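Enquirer: Sharing a sequence plus its predicted fold:
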Amino acid sequence: MKAPVKAFRIDVEAVSSFLPSRALRGWHGILLLALLLTSLAIATAHAQSGGGTGPQSPLATLIEWIPFILRGFLLNLGMSFLAMAIATVLGIGLGLLQLSRTRFLSVPAWLVTHLFRNSPWLVILFVVMLLVPFELQLPGGGTFVMSDWLKATFAFSLPVMANLSEIVRGAIVSIPKGQWESAESLAFTHGQTLRWIILPQCVKRAIPPWMNWYALLAMATPMASILGVREAVGNAQAAMEAAGARPELLVPFYLFLLLLFFAYIYPISIWTRMIERKYAVES
Amino acid sequence: APAKADGGKLEEILDRGTLRVGVLGAFKPWSFPSPDGSQQGIEVDLAQSVADTLGVKLEPVVVTSANRMQFLQQGKIDAIIGGMYDTAERRQVIGIIEPAYWTSGPTLMAKEGAVASWDDIKGKPVCAKQGANYNKQVQQDYGPRLVAFAGNTEGKAALRAGKCVAWLYDDASIMADLASGEWDGYTMPVSVLYNNPWASAVPIEELDKPWGVFMTGMAYKWQADGKLVELEKKWEVKPSDWIAEQHKRLEWDESYLQGQ
Amino acid sequence: MFELIAPIFQRLADETGWNFIIFYDRYEYDRFVTGISISLQLILWSILLSLVIGVLGAWVQTARSALLRGIVDGYIQLFRNTPPLIQLLFFYFGLGAFTPQVDMGGYYEPMISSFTWAVLSLGIFGGAFNVEIFRSGIEAVPKATAEAAESLCFSSWQTYAYVTLPLAFRISLPALTNNLVSLAKTTSLAYVISVPEMTYTLNQVWSDNINVPEMMVVLFLFYVVVVSLIAAGLHVLEKRLALPGYGR
Amino acid sequence: MPLVSIKDVHKSFGKLEVLRGVSLDVKKGEVVCIIGPSGSGKSTLIRCINGLNDIQKGSILVEGQEVNDPKLDKLALRKKVGIVFQQYNLFPHKTALENVMMAPVKVLKEPRREVEERARALIAKVRLSGKEDVYPGHLSGGQQQRVAIARSLAMRPDVMLFDEVTAALDPETVKEVLLTIKELAAEGMTCILVTHEMGFAREVADHVYFTDRGVIVEHGPPEELFTKAKDERTQRFLSQIF
Amino acid sequence: MPLVSIKDVHKSFGKLEVLRGVSLDVKKGEVVCIIGPSGSGKSTLIRCINGLNDIQKGSILVEGQEVNDPKLDKLALRKKVGIVFQQYNLFPHKTALENVMMAPVKVLKEPRREVEERARALIAKVRLSGKEDVYPGHLSGGQQQRVAIARSLAMRPDVMLFDEVTAALDPETVKEVLLTIKELAAEGMTCILVTHEMGFAREVADHVYFTDRGVIVEHGPPEELFTKAKDERTQRFLSQIF
Ligand SMILES: Nc1ncnc2c1ncn2[C@@H]1O[C@H](COP(=O)(O)OP(=O)(O)OP(=O)(O)O)[C@@H](O)[C@H]1O
Ligand SMILES: Nc1ncnc2c1ncn2[C@@H]1O[C@H](COP(=O)(O)OP(=O)(O)OP(=O)(O)O)[C@@H](O)[C@H]1O
Ligand SMILES: [Mg+2]
Ligand SMILES: [Mg+2]
């Protein structure tokens, strides 16, 4: 057996030298799984088209509708970007409020954080979709129309906001107290210390979990289809209906959706893990 | 934005140059997407006829049964032509146009020989659509185990996969499915319950203003001049007795002109 | 129970308009109770299945065979990186069409009900995370401890079962708590394949009775309570299992 | 008028009385060392001087201004009083130069160009020319500590507090840091030092204070205190050190 | 026939040759000590004896059975050969008693009642009566090490291997552990010990082997080896130790 000290050193080196090959493996994984999935989709489509009486093979139907589904997927992407932006802004604010010294602010912030962290996304989605009005009266007198996808976007941003709030809080708490003190002794105000000293140091720690939550968020957007938003899943279902609701369409269509999301999310996961390791080695 | 006080909705539409009609997203053959993403179907054609008559462009807006009334109230759409039942509660919030353009009620679709009457579904799994307003009634009257899905596609797929004994839905839609040739071996074994007309609608304050009156005229014309009969043929829907009857009743007898 | 609370909520509805129909209408009450029971069963079985998968998967990941490890790795990546909603739909509609069924005359009593599909799908989804959690737990168990077991004649399976796993389980508990809580929340997705669990049931109730806000409150409360109970239970377990003398 | 004047200061953490009536004066240009056993309240005293800790009783005047006056502008105080800790606490996400420049630029809003010039001069003064663009993580402990000193000096304080600035360093790098402080003292900077380096205290201090259990037991010029301590506790402490 | 017979064993980790032809015989009831500088292959040798490491060349016979025979039942071998490591490696989730009982109950499927009786006797033997229900985390290092010895003995081995069992202990507790081993040896248990405790080796060993860089440099009865070492390396090693 290796001596413990040595083993530790070897491990650290192994991790850092491992990075490129790890990434490579990741790309291999994508290729393999993508191949597997497409071949599966094609195979089922073919196998079933043999006995089918429909005018068109399932595969041909799928290919005909792919642009339509992809257009829906663009909405998934759009919703995920926008929701993440909202969640980031609100999450940072909420995280800071949680640390506020006045209990008037910190207690409600804590409550909001934990309420949204502990509720299922679907339930939050229902709440926002059904209880938030379609039109918001703007203070300026105008009205802001909340279309379904916008409301869904807002709904998705809430649980992510709550989790980011916890991440921000955790990251700030983990900054050594000495950083606050030395900034204070250099005449930085509380706000300046936060803005210039603490938050910049938190960013690095928070990036991997932030990306992780983005991936989870992007994977949650199909839920909007339940409430009629025409994103990828909703479009795929509408396409199946338009193509005659033939049961042999289900496997290829849903497989295609799985593949679509996998192709988008998997690289993000790999990238997240690479960044995580890089920071782990650096610190 | 709310309608202008003076000219009303009709003027607003003409000024704007486009007509926004709320239609359902995946309701074949009334309104469903084509591969290029645009909507098509019977209701889209009806909406198109309104736009053509006004000489404006049609912009179909996909709505859901849950949000269509709010959309109309908020002015996001000018009218609904979206498989909507005419009910007393709805008449309180939106302007339901008479006459209706279609009629339908819940019925069952099942494999031949599986179900003979409504009483046969007691205790058995029946697929249904979430949010359909007759679900609870059917449940209480006939006692099936309702398995409700968010979309028609899933509900019908569940029927096909044998996950339920029948599919509880509007007869108009079931007849269209049966006529499509995709459902060989399936029938509509029971009569329609609580038959109900489908009506188009305008904002309630417009009902007696030019826009509502105009739509009433359109709805009358669809029946009288055979537009609906024609659309039944175009979309291969099993001709409905009600539409044929309405057509006969409302078609203006022009025979008196012959003697002149 | 029902007799006890019904009058109170009936009065509440009459006087304030707060329509908690599930507490005073027999039909809705029965639906609601069924919903709770189905939801709890769904959560319980999904969690159990995910744990079994996690344990087995993590064990396979310690195996020598690169093929086996590759398969488990592929499984993890596939299920971690696709939306659970689509997984559910795929399992239920896609695979559900190929599974054996018993002909009940016109309809088939499927061997695998929608409830079972939900358990399978959610269990496999949650399991993908558990495998990784247990694996890192196993990696954290000192190799020497396992070696000591080996030198005491434990077979590799016995070492895994009696030494590595119990220790790895303790190390993994905090991460496991997170994942199981999140899995419990994800069970609400079974709604899309019409498993009459809580979200589905209350959704039916509010579409039939137009009392959305009231039912939303009930729904929120239900999940907050369930999630807190699971988390609290696991915390107790964590305390109970804490290795004596090894402070964290 | 002394630059820093401490009178009968009392300070408790909860029930623990850490300072029990400490008085001490520091004149401009003077170098004062505080020595004493661990836990005797040296750090607490020094932190009170720049307002990081508040006091329960007594007064601390810096240039005639009461530190503990709630109406006092803390910013003005901290501009006058620089402090360097045992843990150097550089900002790890900024280079050495940026660490030095940060407070003048962000807090005092001085023009960047001017501050940069001064910062480079300060880095040269602590003998770290060439390390301007290096991040703290890549500097040795002694180098980091010298950057911390430069960072404090960049605010142009009137008095510098040093709290065991070499305690966390290896003997190798201790010297560099002490040398820097010695030069500073030679240039006329008013310094208050807490230190365990008796040789160094003896060499640079104008006056040495010995604290124990929250009071000043004895004080005087270094030769006197180190060789002819009157108090028995002082003698015991010094005998242990050497 | 010797109980353990090692002949010309070669063992490499990758390119590193750790054992380069080691031969050694241990008779029943004999106590053998292996000493030598760090990295000379002592642990490796001992681990080879109970099959935790495999070898590249040579043969290791335990009771006439070849350890490295792929057909050999490792379980049977390990029942015969107990081993105690420097890191005591108790199972932290089991009490002392459970640690001792686990292998006989789970692996040998012996009846619980019987095993428990034996385990209690063993715990008494290593002088830990009263600690049966204590978890390892609450035992001192020396106590843990003695539980580890009892745990090995519970399998009723024919020979015990000890690999620097006292190296991680504080001087206080070293004695207790050595005492336990001494008693064991006195009772006639065959023991192979790797140790740095020369005094102890001298006292208990029947035969001492000195290894360096993967070979046995010299061996003999302890008085001889410790006082009249012939090899220059042995002398140097011994002179450093004392
Ligand atoms: N923030 C605090 N809360 C509670 N007690 C504290 C705090 N800071 C310091 N103390 C206590 O006050 C006493 C004096 O601490 P101080 O750090 O001033 O001693 P010191 O003389 O600097 O010792 P050292 O030489 O070890 O740095 C100690 O008993 C310490 O535990
Ligand atoms: N699993 C392993 N892989 C690679 N090298 C190893 C392994 N185990 C031991 N070694 C190497 O083999 C050599 C001999 O190690 P061994 O542990 O047998 O020495 P030792 O005589 O027991 O030393 P010590 O007194 O320090 O315990 C060392 O150089 C060590 O680094
Ligand atoms: Mg101190
Ligand atoms: Mg060794």
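Expert: Received it, and whenever you're ready, just let me know what you need. Ligands and ions are numbered 1, 2, ... in the order given.
Enquirer: in chain D, which ranges drop under the pLDDT threshold?
Expert: Residue ranges of chain D with pLDDT under 70: D:241-242.
Enquirer: need the longest helix for it.
Expert: Ranked by residue count under DSSP state H, the longest helix found in chain D is helix D:171-186.
Enquirer: can you dump the C-alpha coordinates of the next helix or strand after that helix into CSV?
Expert: Next in sequence after helix D:171-186, counting helices and strands by DSSP states H and E, comes strand D:190-194. Output of strand D:190-194 as CSV, limited to C-alpha atoms (Å, rounded to 0.1, in the frame of the first residue of the first chain):
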residue,chain,number,x,y,z
THR,D,190,4.4,56.3,14.4
CYS,D,191,4.0,52.6,15.1
ILE,D,192,2.3,50.4,17.7
LEU,D,193,3.5,46.9,17.6
VAL,D,194,2.4,43.7,19.3
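Enquirer: and the next helix or strand after strand D:190-194, is it in reach of ligand 1?
Expert: Per DSSP H and E, the first helix or strand lying C-terminal to strand D:190-194 is helix D:198-204. No. Judged by CB under 6 Å from any ligand atom, helix D:198-204 and ligand 1 are separated, with a smallest distance of 13.6 Å. For glycine as for every other residue, the C-beta is placed from the backbone atoms N, C-alpha and C.
Enquirer: how far does the helix or strand immediately after helix D:198-204 in the chain sit from the chain's center?
Expert: Where DSSP H and E defines the elements, the next helix or strand beyond helix D:198-204 is strand D:207-212. Computed by CA atoms, centre = their mean, to the nearest Å, the chain-centroid distance of strand D:207-212 equals 15 Å.
Enquirer: Is ligand 1 within reach of strand D:207-212?
Expert: No. Against ligand 1, strand D:207-212 shows no contacts by CB under 6 Å from any ligand atom, the least distance being 6.9 Å.
Enquirer: which residues are contacting that strand?
Expert: D:22, D:24, D:30-37, D:40-42, D:45, D:201-202, D:216-222, D:225-226, D:229, D:231, D:233-234, D:237 (CB atoms under 8 Å, 6 or more residues apart in numbering or on different chains).
Enquirer: got the buried residues for that strand?
Expert: D:207-212 (16 or more other CB atoms under 10 Å in any protein chain shown).
Enquirer: That one to strand D:190-194, inter-axis angle?
Expert: Interaxial angle, strand D:207-212 versus strand D:190-194 (axes from the mean of the first three to the mean of the last three CA atoms, to 10 degrees): 30 degrees.
Enquirer: And the helix or strand following strand D:207-212, what does it pack against?
Expert: Where DSSP H and E defines the elements, the next helix or strand beyond strand D:207-212 is strand D:215-220. For strand D:215-220, the packing partners by 3 or more CB pairs under 8 Å, 6 or more residues apart in numbering or on different chains; DSSP states H and E come out as strand D:16-26, strand D:207-212, helix D:232-241.
Enquirer: by how many degrees do the longest one and strand D:215-220 diverge?
Expert: Following the same axes, to 10 degrees, one obtains 30 degrees for the angle between strand D:16-26 and strand D:215-220.
Enquirer: contacting residues for residue C:131?
Expert: Residue C:131 makes contacts with C:53-54, C:57-58, C:61, C:72, C:75-76, as judged by CB under 8 Å, 6+ apart.
Enquirer: Show me the shaky parts of chain A.
Expert: Ranges of chain A meeting pLDDT under 70: A:1-55, A:134, A:281-283.
Enquirer: give the contact list for the residue of it found nearest ligand 1.
Expert: When distances are taken as CB to the nearest ligand atom, chain A reaches nearest to ligand 1 at residue A:177, 9.8 Å away. By CB under 8 Å, 6+ apart, the contact set of residue A:177 is empty.
Enquirer: and if we set it to 10 Å?
Expert: D:87, D:89 (CB atoms under 10 Å, 6 or more residues apart in numbering or on different chains).
Enquirer: How about residue D:40?
Expert: Here residue D:40 is in contact with D:18-19, D:34, D:210-217, D:233, D:237 (CB under 10 Å, 6+ apart).
Enquirer: Over to residue C:184?
Expert: Counting by CB under 10 Å, 6+ apart, residue C:184 touches A:118, A:120, C:39-40, C:42-44, C:46-47, C:122, C:126, C:223, C:226-227, C:229-231.
Enquirer: Mind giving me the PyMOL select for the residues you listed, buried ones only?
Expert: To isolate the buried subset of the contacts of residue C:184 in PyMOL, counting by 16+ other CB under 10 Å, use the following:
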select buried, (chain A and resi 118+120) or (chain C and resi 39+40+42+43+46+47+122+126+223+226+227+230+231)
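Enquirer: ok, and which of the contacts of residue C:184 reach chain B?
Expert: Contacts with chain B within the contacts of residue C:184, counted by CB under 10 Å from any CB of the partner chain: none were found.
Enquirer: Many thanks, we can stop here.
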